[in-house]
Every structure is written in C-alpha cells, then in structure tokens.
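> After the sequence you'll find the predicted model.
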Amino acid sequence: MNDDRHIPIHLRAGGTSLVVAVDGGRLPRILHWGPDLGEVGDDALAYVQKAALPAIGDSAVTYPQPVPVLPQPAEGWLGRPGLVGDDDGRRWAPKFRDATYRAEDETDGPVLRSTAHDPEYGLSVDLEIQVLAASGLVRQRVRIRNDAATPYRVDSLELALPVPSDASEILDLTGRWALERVPQRRPFHVGEWVRASRGGKPGLEHTLLLVAGEAGFGFRHGAVWATHLAWSGNQVLAAERTPAGTRHLAAGEVLLPAEVVLGQGDSHRSPWQYGSWGIGLDDLAARFHRHLRSRPEHPRSPRPVVLNTWEAVYFDHDLDTLSALAERGAEAGAERFVLDDGWFLGRRDDTSSLGDWTVDAAIWPEGLEPLVARVRELGMDFGLWFEPEMVNLDSDLAREHPEWIFDAGHGPGLASRHQHVLDLGHPGAYAHLFDRMSALVGSLGIDYIKWDHNRYLLDAGHTPSGRPGVRTQVEQVYRLMAELKAAHPGLEIESCASGGGRIDLGVLEFTDRVWPSDCNDPHERLEIQRWTGLLVPPEMQGTHIGAEESHTTHRTHPLDYRAEKALWGHLGVEVNLLTADDETLAALARWIAFHKEHRELLHSGEVVHADLADAALRLEGVVAGDRGEALYAFSVVERPSTWPPGRIRLPGLDDARDYTVHAVHPGSAPAAGTVLPPWQRDGVTLPGRVLRLVGVEAPSLDVDRSVLLRVVSSTKAP
Ligand code: DGJ
C-alpha cells in the first residue's frame, strides 16, 4: 500500500473507496468517500488531491478546504471543532501536526493509522480510519494522550466524515415512548443540524443514523451517506454545512464536566464513528446488516420464537398460570419462554423492589425452578427480565446502600416510573449485580436476559464526590454484559430501554437483539421496524404479536395483520394465550410455522422497500442472498388517494431470472367475496426485470391490511 506522504492513501473494500489526503504532516483529510473507484494509480491519486484544491483568495481561513477528520480551529477551521479541551484555561487551541501515516491491510479491512503531535501542548492523537471488507462501512476513532505534567480536561472529541455537495437533504429520526423512530427531513442548509442525547443512553427519540443525501432520495434511489456512533451513552450527531461549501457528518460523545481529565501519560479513546453510503437507503442499511452479520458472535442459530409474559399477565405471577401459559405457547410453536418483570422480592407493581434480584418466595415458594423445569419439559429455552442499573428507593438495596444511588448533590433526583439509578461506578454495586445475576443465570440455567433500562440518567453524580458518572456507567454496563456472557457461554441478552431506548452498535457488541418498541400495534410497528432497520437487521429486532386491542394505542387489528408485521424479525408472542380461543390458537400456530419455514430467508436476506408514490401504501420484503426467492408484504396504512391503487413493482430481484409470484395467506384465507386481481388467483410468472419495472396489480385491501407475496425463481442464476 502507498506510503508516500504526498500521494493520498486509497482504502478500498466492500464496494467502498476512501481516498485520504496525508500530505504536509496534517491530520488526514478525506477526499472521496463513496463508490469503489477501482484501481487508481499514484499519478491519478495525486491528481485527485490536486483536483480537490480550491481557488484560494487572500485568506487561508475562509477558503474551502477538505474537512480534516479532526477539524482544528488553529488550522483555519471555523466550524465545529474536533477537540475541545483545556488545562485550567490553557492549551485550549491545539494544533496537531507532524503526522505519520501507516496504511495496512488487516483481515477485517484496510486501515490507515496516523499519529500527530502538538509538542507545545504536550498532546498527541492517534487516529484509525478503516474500511470494513465485509460491508464497505467506514469507521474511525481517535485516542488523545496527555504527556504534560498538568492535567488536561477533554470537553468534547468529535470526528467528521465529509459528504459531497450533492448531499442536499438531511434525514434523521425522532420519537417517544411507543412511537420510536419517526423520520424527519430538511434541506441541508448552511449551519448545523445537531441531534444530541443527554440521558445516559441514546434514548427513545434518538436518531440511529444521521443521513445526508441527494434531493428526494428514497429507499431505492439517490446517493446517501450516514453516520452513527457506536456508543450507548450521551452523544451528539451533527450535519454541518459551512459557508465555504463543505459538508460533513460529525459524531462524538457528549462529555459532562470533568468526565475525562487526563493526567500525565493518560489517554482517552473515542467510540467508533461509523459511516455508510449507498444508492438509496436500502443499500446504506444493507452495509450495517452485512457488518453485524459478519461478526463471529452474530446470533446464527435459528432465532427461537419467544413467548413473553409481559402483556399477558404483567405483574400477576403465579406458577399455575405461567405454566399454563408456557404450555399453550409450546402448543403454538414457541421455543423460548421469557418471564418478564414481577418475579423478584416484593415486586407487585412498579413502585418497589428494583435492585432486590432475589426470587420472591411469597409468590414463588419453591423458587422459579418448577416453572423452569416445566418450560424445559415443553422443549423451550428460559429467559428472565432484569433491569440491572435501576433501583427503587423502596428496596432493601436502596435502604442498605443509599450511597450507591447517583446523587449530584441534591439527593437521588426526580423519580421516573418510581425509580432511580444505581451507580455502577461503585465496585460494591457492580459486584452486587454481577453476583446476583450470575447466581441466577447459573442456578436456573437462564438462556436469555431481557435487559431493561427505564429511567434516563439526569443529575447522575457519583457519591461522595458528586462528579458525573454517566460515561463510567456505560463502560460498566458493557463490562457487566461481557462478564456475564463470559461466565455463562451461550447466554443471550436483549437490549430494551422502555422499548427502543438503547439501540446502537456499542450495545450490540454485547447483545443479541433489541426491543424496538413497547408498541405492538402493527400499524405503528410497520414504521418502527422499517426505520429501526436502517441500522438493525431483522433477526436482531424483537417483533411480537400483541393483543387484538393494542395495549399502547387501543386500536384493534385482526391476528393476520398483527402476525404479518411480526413475521419479519425475531418473532415473539405477547398475546394472553390463556384467553385465546381455539381458532385463534390454531391460526397463530400456522403463522409461527410459516415463520419457522421462512426464517432462514428472513434472517439472512437483503431487506428491500419500494418507493411508492402514494403515502398510503407500503411494500417491503426480504430477498435471498442468491436472489432465488423473496417474501414481500404489501400493506395499506391509510385510505389511498386512488382506487385501485395501481401496480406494485418488486425491488431487489435478479433482472435476468424468471419468478413465480403467489399471494400467500398463512393465517386465514381471504374472506369469501374478496375482490382479487386476476393474477392473484393462480399466481403469475414473469422475469425479474418485468417485476421491477412493470410489476403486478396491487391486491384490493382495506386500511391496516396486508398481503404476503411469495416469490420463487423458476430459473437458475445465469
Ligand atoms: C419496559 C419494557 O419495555 C417492557 O417490555 C416491560 O419489560 C416492562 N418494562 C416491564 O416493567
């Protein structure tokens, strides 16, 4: 690989090229991030750099320049600075220079390492910029080190990924409890569009990605670039366009006062900033999916169908009821029984007991063993709910160790769902959790933890100093998850935080699935799963069939619609099966069987969405990696402006192969008298190219109804 300092370095992998200027001892500057440029000789690379130089007026400060990955005001940068820090008011305007550069091919993709110093300040930075071979994702991180005798306080450390000026529109996500991941769009104007999380976790309203793209981009068209921070704590994502014309996506932790103070010889490393690009959002998301799937720890076994007790019984636990529920679940085809909140000491509602992770003998006189034994007899795994970082003031733990509760000087702060936060920066608190959880996992043989987190961290001070403990908390949570998994090989963990409040590539290093939302209403779930899917592949999203009348929205939906929307992810059931009639149970069992039959496709294929002109319609699907088969769902989510709504074109198939398309009805057949388009009666066989460009007439459906399309190739790949 090229190590001539004056010729940009070209990192190529996974369909992505990153051309990085490394001249003049300056910090690396990205000249191109996007499609693979192919082999580019040194001369051409030198010209890429030359071509990127702007016409310079009389000011070195205001002319446009390639954005350094760590932008510095001292180098003439007037936008968001990469590093903000100081030493009691000094050493606040660093100028890193004399950079060395080393590009190496590593098994997971080529990486550029660069070290630069500010000798006057006694500071240095180590940067790593990598293109991942399996996915074409770009990621970068930086370590800052203080070699001076006096402490250096870091207030923020952000990295930047530049995007071209074609990126004229920004997409990000917002939301709230039971309505996570609502998209919002705006023009990419001069200035900063900043999304920050300050609650000690990304949060329900967090944007998983900050996307910039060509005007009007969709799932299948328009070039797009996005960033994500692999971190489960306070953080900021920013899209910045400068008056000089540069545009970039920045990401970094939001650090609280004195959370990072470097003594002599100390260093601090940022989380990875990830970048994905694509032609359309499907392409961009597929890189994240490929990345997650390429990890050795990615859950590979068929994802066991879950029966979760929460919406069925809430806090109302007893052995007979839960055993009966497990039996009905097993009959329907469930493979994992998850006992949700309500099993531990005194926990009859949400006002008490968090922290007391001991099975409550008052309702479980023989412990959980008889339930676990029954679950196992039925051939199911056993999972248990914990909310490790939380504590109720009404708990033995809080009474014995009030000093383990976060307190920034005004007591434990506002209660949220009657709870406060346990400070895992206390070795005793950490040990208490590890010991209690590990003992239960070991003695009961727990296969799966549903790991909840329902209160934001607000004035989270470590006692007795009162110093902020939020960043330490995140590191301790990662450590706790890792140590539990190391002590109990095979243990799976779900990241839940009032639903989708902690979803990021940081926590996904230690967990096996996320709970996208407490809302099981299929009308909402369609959107929540679609946008969560920008980052998280289907097999890592928990998707449960909820009650006929949704517990969060009180809309009612037939089983077929609820089941179809849950089909795609890691399937589960939260319906109270004890009150379900035989017909419902039988239909549920058919849906579960259908899911099992197709889960290999659903959990390994490429997720696709059609860009439909009518906002009332949705078409999404999964296409097998070899393009031999696919499943799509066509849904009507509000009353379409025209009826019938016209043709639906199927994305993602192989243009050159023939496919047979059938509408399938795993639950119940369409009601007698339903008007079907003629092709739907016996299916239709057409080339992939025709299905992509011409399509088939949309089935006739009411609002909140869908049809599954099963598409199988009748020809081999050419
Ligand atoms: C919030 C979670 O999101 C729910 O799924 C459930 O586990 C409850 N907590 C239990 O208290």
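Here it is on my side, so go on.

> The closest residue to the ligand within the stretch 601-718 of the chain - nearest residue in space that isn't next to it in sequence?
Of all residues in the stretch 601-718 of the chain, residue 603 sits closest to the ligand, at 21.9 Å by CB to the nearest ligand atom. C-beta: built from backbone N, CA, C; applies to glycine. Once its chain neighbours are removed from consideration, residue 603 has its nearest residue in residue 539; the separation is 3.7 Å (CB to CB, 6 or more residues apart in numbering).

> Run a quick neighbour tally on that neighbour.
The criterion is other CB atoms under 10 Å. On that basis, residue 539 has 23 neighbouring residues.

> per-residue confidence at it?
In this prediction, residue 539 carries a pLDDT score of 98.

> wait, is it part of a helix?
Yes: checked against DSSP: H, G, I helix; E, B strand; the rest coil, residue 539 lies within a helix.

> so the residue of the stretch 251-400 of the chain found nearest the ligand is in which element?
Among the residues of the stretch 251-400 of the chain, residue 341 lies nearest to the ligand; the distance is 3.5 Å by CB to the nearest ligand atom. Secondary structure here is read from DSSP states H and E; on that basis residue 341 sits in neither a helix nor a strand.

> ok, now which ones touch it?
Contacts were defined as CB atoms under 8 Å, 6 or more residues apart in numbering; by that measure residue 341 touches 310, 314, 315, 347, 350, 385, 387, 452.

> Parallel or antiparallel, which strands does the longest strand along the chain pair with?
Secondary structure of the chain read by DSSP state E shows that its longest strand is strand 152-163. Paired neighbours of strand 152-163 in the sheet (DSSP bridges): strand 83-86 (antiparallel), strand 247-253 (antiparallel), strand 260-262 (antiparallel).

> Residue 680: which of those is closest?
strand 247-253 (44.0 Å; CB to CB).

> Could you list the residues in contact with the closest one?
Applying CB under 8 Å, 6+ apart, the external contacts of strand 247-253 come out as 67, 80, 156-165, 167, 188, 210, 212, 225-229, 231, 233-241, 270-271, 273, 275, 471.

> and the gap between residue 381 and residue 490?
Here the criterion is CB to CB, to the nearest Å. By it, residue 381 lies 10 Å from residue 490.

> Now for these two: what residues contact both?
residue 447.

> Show me which of those two is the more surrounded one.
Neighbours around residue 381 and residue 490, counted as other CB under 10 Å, are more numerous at residue 381. The numbers are 19 against 9.

> Quick check on the closest residue to the ligand within the stretch 451-600 of the chain: phi, psi?
Taking CB to the nearest ligand atom as the measure, the point where the stretch 451-600 of the chain comes nearest the ligand is residue 518, at 4.5 Å. Dihedral pair for residue 518: phi -80, psi 0, per degrees, to the nearest 10.

> Pull the contacting residues for it.
Counting by CB under 8 Å, 6+ apart, residue 518 touches 177, 178, 498, 499, 552.

> Most neighbours among the residues you listed, which one is it?
residue 499 (25 neighbours).

> Just list the residues touching it, thanks.
Counting by CB under 8 Å, 6+ apart, residue 499 has contacts 177, 178, 180, 204, 515, 516, 517, 518, 519.

> List phi and psi for it.
Dihedral angles for residue 499 - degrees, to the nearest 10 - are phi 100, psi -130.

> now swap in residue 341 and tell me
phi -50, psi 140.

> try residue 68
With angles defined as degrees, to the nearest 10, residue 68 shows backbone torsions of phi -70, psi 150.

> Next, the nearest residue to it once chain neighbours are set aside: secondary structure please.
Distance criterion CB to CB, 6+ apart; nearest residue to residue 68, sequence neighbours excluded, is residue 27 at 4.5 Å. Using three-state DSSP, the secondary structure recorded for residue 27 is coil.

> So which residues of this structure form helices?
When secondary structure is read from DSSP state H, the chain shows helices at 42-51, 281-294, 310-313, 319-332, 369-377, 396-400, 427-444, 470-487, 522-532, 559-566, 582-602, 678-682, 688-693.

> Among the ones you listed, show me which one is buried the most.
helix 559-566 (a mean of 24; mean count of other CB atoms under 10 Å).

> Which elements pack onto that one?
The criterion is 3 or more CB pairs under 8 Å, 6 or more residues apart in numbering; DSSP states H and E, and the helices and strands that helix 559-566 contacts are helix 522-532, strand 542-545, helix 582-602, strand 629-636, strand 705-713.
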